[in-house]
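Colleague: Let me see the structure of the following:
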Amino acid sequence: ILAIAVLVYDVIWPQERRVQLGYLAGFGLMAIAGVVWLVGVPQAGGLQEQLLLGGMVRHDDMAQIFRVMVLLAGGIGALITMGIPKLRARGDFYAILIVSIIGASLASAAADLIMVFLALETLSITLYVLAGYLRDDDASTEAGLKYFLFGAFASAMALYGLSLVYGLTGKTNIYELGRLVATNGLNEPPVIVALGLVMVGFAFKISAVPFHFWTPDVYEGAPTSITAVLSTASKAASMGLLLRFLLAVFPPAELLGAAESVADYSGLWVQLAVVLSVVSMTLGNLLALVQTNIKRLLAYSTIAHAGYVLMGVAAISTDKSGDGVAAVAFYMFMYVLSNMLAFGVVILFTRATGSEQIRDLAGFSRRSPWLGLAMTLALLSLGGIPPAAGFVGKFLLFRAAVDAGLVWLALVGVANVIVGLYYYLMIVRVMYMEESPSDEPVPVELPFKWALAISAAGVLLFGTIAVTPLLDWATDAAHALYVLL
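Modeller: This is a model prediction of the structure:
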């Protein structure tokens with residue numbers, strides 16, 4: 001309804017009023033997020049009562065928290081798009097953005113192989129279009145084409161893996177086929193091949209090494225507001241789907257009764273998640289150290305954060321309390337708000353200076369003290385420094401890894417956090433310690449004030465007084481995910 005409304009007003013409003021379409025799309029998505037949060041999920045009943053649309057989606061706490069994430073990301077993304085002259089009056093752009101959020105929302109709740117693929121494709125295809133939307137901009141066109149080519153390859157691999165899972169079980173509902181995979185005594189090699197192919201698709205979506213190579217070029221070339229949505233909503237939805245898929249299709253034996261006849265394939269994806277985690281966080285942080293473009297640096301930062309989150313994924317098979325899943329959900333909520341805050345400031349910086357080079361941030365805090373403070377808060381959160389929410393998120397991930405017996409992985413994570421702090425604080429140093437070639441203030445329009453205020457408030461609140469409510473919500477989501485019967 002919201003997407004159609006945006007298109008209708010794009011037609012009936014005069015040209016000078018179409019710049020307000022971002023308000024309709026942005027606050028509309030945020031209102032939907034509020035409705036999702038307030039309505040909640042049914043507390044009575046089990047899995048069967050939560051499966052909707054013929055078992056295609058599952059309406060539980062896990063779906064709810066990730067839906068709110070992606071809806072907030074889409075809403076903030078629409079507001080910061082109003083600062084891009086070539087896009088802010090384009091109703092078709094906002095409509096496609098809303099459809100991509102629909103795909104992300106469906107992915108967060110997908111409970112059937114068909115819905116898994118349809119949701120991911122709805123999310124991906126719209127983002128291919130949005131990444132290359134500025135057709136007169138060579139960088140944007142190149143970004144869209146690269147994202148499409150790499151994404152099509154990864155989607156084909158994932159679809160082949162999903163087809164193998166269906167071929168092994170004859171089922172498409174992920175909870176039904178998970179029990180069959182565990183109890184039917186299948187040959188292990190086909191299961192390993194299917195899992196590996198599916199993980200290729202997921203690793204591409206979350207920018208995990210070695211399927212990260214598209215990320216820096218696409219982040220740099222795409223319109224910055226789409227880079228923000230791509231790095232947040234797409235990642236959050238894909239991570240929520242990854243958690244649900246792995247636990248449902250390849251569950252630990254304990255969740256199915258621990259009978260001797262139950263095959264436990266969870267060790268396979270735990271080992272895979274551990275390897276992807278180590279190489280992603282290490283390579284992402286090391287390559288970020290040498291970047292001079294702020295968007296490319298944030299791209300490699302995204303790769304590193306995918307590695308951190310995969311620590312929580314690796315911990316969930318041995319952690320029956322749900323702390324690993326709760327840590328991932330909390331961390332992704334923090335990451336969405338922090339990255340949105342950072343990219344909102346990047347748009348204003350780029351528009352004011354005509355540059356995306358880090359060196360041109362020199363003296364930015366004196367040109368706009370509030371924007372400098374907002375960027376510092378975002379970077380401190382991404383780096384894991386209190387009182388920002390990123391500190392709590394990283395603590396929860398490392399604790400989950402230690403509780404799961406992955407102490408060495410947590411130590412690797414801590415070492416990578418120290419490396420990450422170097423390039424985050426380097427940006428802060430440039431903003432505050434170096435001289436600016438201009439003292440002209442940076443104009444901040446009302447849509448940006450809303451977007452940055454919402455993001456900054458979330459980063460601060462979820463790092464201080466609102467930690468417990470969000471963590472309780474994430475814990476409820478984790479407990480819902482472990483209900484497989």
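
Colleague: Averaged over its residues, which helix or strand of this protein has the lowest pLDDT?
Modeller: helix 47-50 (a mean of 70; mean pLDDT, DSSP states H and E).

Colleague: partner strands of whatever helix or strand comes next after that one, parallel or antiparallel?
Modeller: Once the chain leaves helix 47-50, the next helix or strand it forms, by DSSP states H and E, is strand 51-52. When pairing is defined by DSSP bridges, strand 51-52 lines up against strand 57-58 (antiparallel).

Colleague: Check the model's average confidence along the partner strand for me.
Modeller: The average pLDDT for strand 57-58 rounds to 88.

Colleague: by contact count, what packs against whatever helix or strand comes next after that strand?
Modeller: Sequence-wise, the next helix or strand downstream of strand 57-58 (DSSP H and E) is helix 61-81. Applying 3 or more C-beta pairs under 8 Å, 6 or more residues apart in numbering; DSSP states H and E, one finds that helix 61-81 contacts helix 21-39, helix 91-109, helix 224-249, helix 323-353, helix 446-461, helix 467-481. The C-beta positions use only the backbone N, C-alpha and C, and glycine is treated the same way.

Colleague: so for helix 61-81, what's the average pLDDT?
Modeller: Helix 61-81 shows a mean pLDDT of 91.

Colleague: Pull out the buried residues from that helix.
Modeller: 61-81 (16 or more other C-beta atoms under 10 Å).

Colleague: what inclination does it have with respect to helix 323-353?
Modeller: Between helix 61-81 and helix 323-353, the angle comes out at 0 degrees (axes from the mean of the first three to the mean of the last three C-alpha atoms, to 10 degrees).

Colleague: Helix 61-81 vs helix 467-481, what angle?
Modeller: Angle of helix 61-81 versus helix 467-481, following the same axes, to 10 degrees, is 130 degrees.

Colleague: just how off-centre is helix 61-81 within its chain?
Modeller: Distance of helix 61-81 from its chain centroid, counting by C-alpha atoms, centre = their mean, to the nearest Å, is 10 Å.

Colleague: Contact partners for the closest residue to residue 273 other than its chain neighbours?
Modeller: With C-beta to C-beta, 6 or more residues apart in numbering as the measure, residue 314 is the residue that lies nearest to residue 273, at 4.0 Å, once sequence neighbours are left out. Residue 314 sits next to 270, 273-274, 277, 324, 401, 404, 406, 409 when contact means C-beta atoms under 8 Å, 6 or more residues apart in numbering.

Colleague: Tell me the one among those nearest to residue 140.
Modeller: residue 277 (31.8 Å; C-beta to C-beta).

Colleague: Am I right that the closest one is in contact with residue 305?
Modeller: No. In terms of C-beta atoms under 8 Å, residue 277 does not count as a neighbour of residue 305; the distance is 10.9 Å.

Colleague: Skip the chain neighbours and tell me the closest residue to residue 402.
Modeller: Leaving aside its sequence neighbours, residue 402 sits nearest to residue 410 (C-beta to C-beta, 6+ apart; 5.1 Å).

Colleague: need the contact list for that neighbour.
Modeller: Residues near residue 410 by C-beta under 8 Å, 6+ apart: 311, 398, 401-402.

Colleague: go again using 6 Å as the cut-off
Modeller: If a contact means C-beta atoms under 6 Å, 6 or more residues apart in numbering, then residue 410 has 398, 401-402 as its contacts.

Colleague: Poorly predicted segments of this protein, please.
Modeller: 42-49, 185-187, 253-265, 317-322, 484-485 (pLDDT under 70).

Colleague: Could you verify my assumption that residue 404 touches residue 316?
Modeller: No. Here residue 404 does not reach residue 316: they are 7.9 Å apart, not a contact under C-beta atoms under 6 Å.

Colleague: neighbour count winner among these two?
Modeller: residue 316 (28 against 21; other C-beta atoms under 10 Å).

Colleague: State the distance from the nearest residue to the more buried one once chain neighbours are set aside to residue 400.
Modeller: Of all residues not flanking residue 316 in the chain, residue 324 sits nearest, at 3.9 Å (C-beta to C-beta, 6+ apart). Plainly put, residue 324 is 4 Å away from residue 400 if you go by C-beta to C-beta, to the nearest Å.

Colleague: overlap in contacts of the two?
Modeller: Contacts common to residue 324 and residue 400, judged by C-beta under 6 Å, 6+ apart, are 312, 315.

Colleague: rewinding a little: quick one: which of the contacts of residue 410 has the most company?
Modeller: residue 401 (28 neighbours).

Colleague: List the contacts of that one.
Modeller: Residue 401 sits next to 311, 315, 409-410 when contact means C-beta under 6 Å, 6+ apart.

Colleague: For residue 59, grab phi and psi.
Modeller: phi -100, psi 90 (degrees, to the nearest 10).

Colleague: Pull the number of nearby residues for it.
Modeller: Neighbours of residue 59 (other C-beta under 10 Å): 20.

Colleague: from what I can see it touches residue 53, true?
Modeller: No. Counting by C-beta under 6 Å, residue 59 stays clear of residue 53, with 9.5 Å between them.
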